[in-house]
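> Based on what follows, work out the 3D shape:
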Amino acid sequence: MSNPRLRRKQVPAYLAEKHGIPIAVATLNKLATIGGGPPMQYVGRIPLYHVDDLDRWAAAKLGKVVSSTSEREAH
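Okay, the predicted model is just below:
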């Protein structure tokens, strides 16, 4: 990727395309306030998200691979 850091409005497209995770900018805004969202850095007032941090956050959000719904409920 030519740009390793993304602005918040670019993050939903990245997460959807790379990880299949749908998330709205409004949700990212809320998570930035209450916590639980991907790590970010600021340049002035602009939050930037490093793609490596987004990848780690997405991996942590995804559940384990299962073959049936009963396996999902077991953990």
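> The helix or strand harbouring residue 17 - what's its average pLDDT?
For residue 17, the element it lies in under DSSP states H and E is helix 11-19. The average pLDDT for helix 11-19 rounds to 97.
> by contact count, what packs against it?
Applying 3 or more C-beta pairs under 8 Å, 6 or more residues apart in numbering; DSSP states H and E, one finds that helix 11-19 makes contact with helix 25-34, helix 51-61. For every residue, glycine as well, the C-beta is placed using N, CA and C.
> residues in contact with it?
For helix 11-19, contacts defined as C-beta atoms under 8 Å, 6 or more residues apart in numbering pick out 6, 21-25, 28, 38, 49, 51, 54-55, 58-59, 62.
> Equivalent analysis for stretch 23-39, please.
8-9, 11-12, 15-16, 40, 47, 49-50, 53-54, 57-58.
> Just the buried residues of those residues.
The neighbour-count test (16 or more other C-beta atoms under 10 Å) marks 8, 11-12, 15, 40, 47, 49, 53-54, 57-58 as buried among the contacts of stretch 23-39.
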